[in-house]
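In: quick one: sequence plus predicted model below, questions after.
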Number of protein chains: 2
Amino acid sequence: MVIELMKSHASVRDYKDQPLTRAQVHELVEAAQYAATSHFVQAYSIVWVTDEDKRKRLGELSKNPKQMEGAGAVFLMCADYNRLGHAAKLQGEDIVFDQAENLLVAVTDVGLLAQNLALAAESKGYGICYIGGVRNNMEEISKLVDLPDGVFPVYGLTVGVPNEANEVKPRLPVEAVLHENEYDEAKYAEILPAYDETIMAYYAARSNNQKTAKWSEQMATFLNKPHRPDLKDVLAKRGYLFK
Amino acid sequence: MVIELMKSHASVRDYKDQPLTRAQVHELVEAAQYAATSHFVQAYSIVWVTDEDKRKRLGELSKNPKQMEGAGAVFLMCADYNRLGHAAKLQGEDIVFDQAENLLVAVTDVGLLAQNLALAAESKGYGICYIGGVRNNMEEISKLVDLPDGVFPVYGLTVGVPNEANEVKPRLPVEAVLHENEYDEAKYAEILPAYDETIMAYYAARSNNQKTAKWSEQMATFLNKPHRPDLKDVLAKRGYLFK
């Protein structure tokens, strides 16, 4: 049943006007926190944005106005070493979190938390969407919700009662993703053109927003240039110095 | 039911000698792939390590011999821009993935995939454990399984039939993790000492490995020094240059 739930996932970007209650949000966040966490650091925080003006501004800054204003709940899923600093201070210690390791740990902790939250929400009949667009203006968004040193939003997550039903997109075949004992690049020569056909057929047949596009075309066009080149400096200002 | 499953999570480090079959692994990986992925990049690969010698060596390199040799399945959960490079080549393009943004995207994609895989496994009665220890010797482990440019193991994931039942660890209270509209550091002064008491009581009462320790003590001792300071250079060798 859990597996069927996972395989039914499609992002929802249009929600009914039914805000989640505090109790509903509490239940989802609590479940999410039981995900594994590296060395039990729990290096994450969630900012639930309920204020209308802030949601409007967040919509502008993340370039996702419809979801940020219309979802049943808007969360900023944040990497957080700040609270760990407070914990260490109780023991008279300072923490160090300026290594690449700390970034990997926090982004991973947020990922496991977020996917639990997303799936918990979907199990209740809600739709969800991750919003990478918060990294478009990470610094301004961090200021908007008063994030202190050591905290940054990795992505947003919107949750709500779906006002649309999207078809599930075909993923890469398992054999493209799963390697046994050694990584096998050679197999991509056959697998990727076949997957391009699968995706073309999916786009041509789906009920809305039909188009003609191969996966490899989309990836080539998207990844042939640098993305968000300012991000390293913004992360450094938040204390993540990539040492 | 999904929420109850999440809240029953405790890492399993001791497994019965019952390897997962290929069909079982296939089912878990397929479900995991339906997690959301940034711009549909699917920037992940999984190396399933079945070879006995490699599992032994992986146990030494990750400093987790018991799990790496004893689990029903051992996975290296990898960030992967290599396959995306192959996809773009089909279109005559080269990709760029040397920005901090690309690292966040890949580590996030792996996190959502991994948590789906973990939860899918737990829904089938398996136990799981994430192994951050693969970052102790990331370069040698990458060579052990022939990871090409653009691919690195973010962590391991072991899965198997549990040979132990561990109590669920109390997480931070929801109010410590959930902020509304603005991040509130002030609340930690009350919440963290109270959580220290919760954790002390948990460690004192649990059925095995009883001890006396506060969460803040553990965090202070763990985080008062840099961790894995070589990691940035290893990531750079894999093509993640933190530009």
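Out: That came through fine. Residues are numbered from 1 along each chain as shown, chains lettered A, B, ... in the order given.

In: could you pull out the strands in chain A for me?
Out: A:44-48, A:73-80, A:127-131, A:151-160, A:178-180 (DSSP state E).

In: got the angle for the top helix by length along chain A vs strand B:151-160?
Out: In chain A, taking DSSP state H as the definition, the longest helix is helix A:100-123. Angle, helix A:100-123 to strand B:151-160, by axes from the mean of the first three to the mean of the last three Cα atoms, to 10 degrees: 50 degrees.

In: re earlier: now the strands of chain A as a markdown table including mean neighbour count, distance to B:Met200 and mean pLDDT?
Out: Where you see a C-beta, it was placed from the backbone N, CA and C, and this is true even at glycine. Formatted as a markdown table, the strands of chain A follow (neighbours: other Cβ atoms under 10 Å in any protein chain shown; distance: least, Cβ to Cβ, whole Å; pLDDT from 0 to 100):
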| stretch | mean neighbour count | distance to B:Met200 | mean pLDDT |
| --- | --- | --- | --- |
| strand A:44-48 | 25 | 23 | 98 |
| strand A:73-80 | 26 | 23 | 98 |
| strand A:127-131 | 24 | 36 | 98 |
| strand A:151-160 | 26 | 27 | 98 |
| strand A:178-180 | 20 | 43 | 98 |
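
In: check chain A for the residue nearest chain B and tell me.
Out: Sorted by distance to chain B under Cβ to the nearest Cβ, the residues of chain A start with A:Gly111, at 2.1 Å.

In: ok, back up a step: CA-only coordinates of the longest helix of chain A, as CSV, when you get a sec.
Out: C-alpha atoms of helix A:100-123 as CSV (Å, rounded to 0.1, in the frame of the first residue of the first chain):
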residue,chain,number,x,y,z
ALA,A,100,31.4,20.4,2.9
GLU,A,101,30.5,17.5,5.2
ASN,A,102,28.1,19.8,7.2
LEU,A,103,26.4,20.9,4.0
LEU,A,104,25.9,17.3,2.9
VAL,A,105,24.6,16.3,6.3
ALA,A,106,22.1,19.2,6.6
VAL,A,107,20.8,18.9,3.0
THR,A,108,20.4,15.1,3.5
ASP,A,109,18.6,15.6,6.9
VAL,A,110,16.2,18.0,5.2
GLY,A,111,15.6,15.6,2.3
LEU,A,112,14.7,12.7,4.5
LEU,A,113,12.4,14.9,6.6
ALA,A,114,10.8,16.5,3.5
GLN,A,115,10.1,13.2,1.8
ASN,A,116,8.5,11.8,4.9
LEU,A,117,6.4,15.0,5.2
ALA,A,118,5.4,14.8,1.5
LEU,A,119,4.4,11.1,1.7
ALA,A,120,2.6,11.6,5.0
ALA,A,121,0.6,14.4,3.4
GLU,A,122,-0.1,12.3,0.3
SER,A,123,-1.3,9.4,2.5
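
In: could you check the angle strand A:44-48 makes with it?
Out: Between helix A:100-123 and strand A:44-48, the angle comes out at 50 degrees (the same axes, to 10 degrees).

In: what angle do helix A:100-123 and strand A:127-131 make?
Out: 160 degrees.

In: wait, A:His179 touches B:Ser45, no?
Out: Yes: applying Cβ atoms under 8 Å, one finds A:His179 in contact with B:Ser45, separated by 6.0 Å.

In: re earlier: in the longest helix of chain A, what's buried?
Out: Of all the residues in helix A:100-123, those buried under the rule 16 or more other Cβ atoms under 10 Å in any protein chain shown are A:100-123.

In: mind checking how far the residue of chain A most remote from its centre is from B:Glu217?
Out: Most distant from the centre of chain A: A:Gly92, at 34.5 Å, with distances by Cα atoms, centre = their mean. Distance of A:Gly92 to B:Glu217, computed by Cβ to Cβ, to the nearest Å: 11 Å.

In: please apply the same query to A:Val12.
Out: 43 Å.

In: compare those two and say which is more crowded by neighbours.
Out: Remark: of A:Val12 and B:Glu217, A:Val12 carries more neighbours, 22 against 18, as counted by other Cβ atoms under 10 Å in any protein chain shown.

In: so that one is in contact with A:Tyr130, correct?
Out: No: applying Cβ under 8 Å as the test, A:Val12 and A:Tyr130 come out as separate, 11.0 Å apart.

In: can I assume A:Lys169 is in contact with B:Phe40?
Out: Yes: counting by Cβ under 8 Å, A:Lys169 sits close enough to B:Phe40 to count as a contact (6.9 Å).

In: overlap in contacts, those two.
Out: Contact criterion Cβ atoms under 8 Å, 6 or more residues apart in numbering or on different chains; no residue bridges A:Lys169 and B:Phe40 by contacting each.

In: contacts only, for the residue lying closest to A:Gln115 once chain neighbours are set aside.
Out: Excluding the flanking residues, the one nearest A:Gln115 by Cβ to Cβ, 6 or more residues apart in numbering or on different chains is B:Gln115, at 3.8 Å. By Cβ under 8 Å, 6+ apart, the contact set of B:Gln115 is A:35, A:111-112, A:115-116, B:35.

In: repeat for A:Glu101
Out: Here A:Glu101 is in contact with B:135, B:226-229, B:231 (Cβ under 8 Å, 6+ apart).

In: quick one, domains of chain A?
Out: A:2-167+A:225-237, A:174-221 (automatic domain parsing).

In: and among the ones you listed, the most buried is which?
Out: Highest mean neighbour count among the domains of chain A (mean count of other Cβ atoms under 10 Å in any protein chain shown): domain A:2-167+A:225-237, with a mean of 20.

In: now the end-to-end length of that domain.
Out: End-to-end distance for domain A:2-167+A:225-237: 40 Å, by Cα to Cα, to the nearest Å.

In: contacts for stretch A:200-210, please.
Out: A:167, A:169-170, A:211-214.

In: distance from the chain centre to the longest helix of chain A, please.
Out: 8 Å (Cα atoms, centre = their mean, to the nearest Å).

In: likewise for stretch A:70-86?
Out: 12 Å.
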